[in-house]
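In: Model the structure of this input:
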Amino acid sequence: MDKNQILEKLAAVVIDGTEDEARVLAQAVVANKIDPLEAIEHGLSKGMEIIGGRFECGDAYLPELLMAAASFNAAMAVLKPEIEAQKKQVVKLGKVLIGTVKGDVHSIGKDIVASVLDTSGFEVVDIGVDNPSLNIIQEAEKVQADVIALSSVMTTTMPAQKEVIDTLKEMGIRQKYFVIIGGGPVNQEWADRIGADGYGKSAIDAVALVKGLMAKKK
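Out: Predicted coordinates for the structure are as follows:
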């Protein structure tokens, strides 16, 4: 198989929820010296986006979504050590607190972004889903995060992203953190409107965004 075939098959096995095949294909990524981050972005994440879209439309159900996530994680278990080996012992680039906002219990997209940030050299603190704004800020203060990453998958929970930023301003600590946002209905226009420091359409975009913001800090 060439690289494109492997990437296509990686997306397919995530959609089909076949863990063993996902593991085998991830091993093929390593054997063929394909960039593991490319395999995540153009293979695994692509599959998760497709199954996630089907779930949102009612064309797929929770068991299928969970099987897809299991396949994604099976492949990641193979790829993550390879990414770590390539990184060798690098200094952490910064600390990112990531979570899904209040009222939103979707985690797949957030989990992908957290995984890719982690394997790209960031220290990641994942606080899960359905987080009230004040809880997000308190956790950011507690762990001394550099970046707060807010996920929202439903349009009805997007205002909670704005609420976090507004609350940071009210508390007089907005300048302490870079705040980035993401999620299916989110876009750059919304990020600009609420005063976020950036928007990541994909996990790889989020990594590039956070690296750029951290470079400004230094």
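In: When you work out contacts or count neighbours from here on, use the C-alpha atoms and nothing else.
Out: Will do.
In: And the contacts of the helix or strand containing Ile6?
Out: Under the criterion DSSP states H and E, the helix or strand holding Ile6 is helix 3-16. With contacts defined as CA atoms under 8 Å, 6 or more residues apart in numbering, helix 3-16 is touched by 19, 21-22, 25-26, 28-29, 32, 34, 39, 42-48, 50-51, 64, 67-69, 71-72.
In: pLDDT of that helix, averaged?
Out: In this model, helix 3-16 carries a mean pLDDT of 94.
In: buried sites along the helix or strand of the chain at the bottom of the mean pLDDT ranking?
Out: Counting by mean pLDDT, DSSP states H and E, the weakest-scoring helix or strand in the chain turns out to be helix 45-57, with a mean of 82. When neighbours are counted by 16 or more other CA atoms under 10 Å, the buried residues of helix 45-57 are found to be Ser45, Lys46, Gly47, Met48, Glu49, Ile51, Gly52, Arg54.
In: Average pLDDT for the top helix by length along the chain, rounded please.
Out: Across the chain, the longest stretch assigned as helix under DSSP state H is helix 62-87. Averaged over helix 62-87, pLDDT sits at 86.
In: now swap in stretch 182-201 and tell me
Out: For stretch 182-201, the mean per-residue pLDDT is 95.
In: Also stretch 106-126?
Out: 86.
In: residues in contact with it?
Out: Residues contacting stretch 106-126 (CA under 8 Å, 6+ apart): 37, 45, 48, 69, 80, 83-84, 87, 90-100, 128-129, 151-153, 183, 202-204, 206-207.
In: which residues of the chain fall in strands?
Out: Secondary structure of the chain (DSSP state E): strands at 95-100, 123-126, 147-151, 178-182, 198-199.
In: Burial check on the closest residue to Ser71 other than its chain neighbours, number of neighbours?
Out: The shortest distance from Ser71 to any non-neighbouring residue, by CA to CA, 6 or more residues apart in numbering, is to Glu19 (4.2 Å). Applying the criterion other CA atoms under 10 Å, we find 20 residues in the vicinity of Glu19.
In: got a list of what Glu19 touches?
Out: Per CA under 8 Å, 6+ apart, neighbours of Glu19: Val13, Met67, Ala70, Ser71, Phe72, Ala74, Ala75.
In: Buried ones among the residues you listed?
Out: Val13, Met67, Ala70, Ser71, Phe72, Ala74, Ala75.
In: which residues touch the second one?
Out: By CA under 8 Å, 6+ apart, the contact set of Met67 is Val14, Asp16, Gly17, Thr18, Glu19.
In: So what does the fourth one have for phi and psi?
Out: Right, Thr18. phi -110, psi 100 (degrees, to the nearest 10).
In: Look up how far Ala69 lies from it.
Out: Using CA to CA, to the nearest Å, Thr18 is found at 10 Å from Ala69.
In: And the contacts of Met67, which is closest to Val164?
Out: Closest approach to Val164 among those (CA to CA): Val14, at 33.2 Å.
In: Not including adjacent chain positions, what is the nearest residue to that closest one?
Out: Ala68 (4.8 Å).
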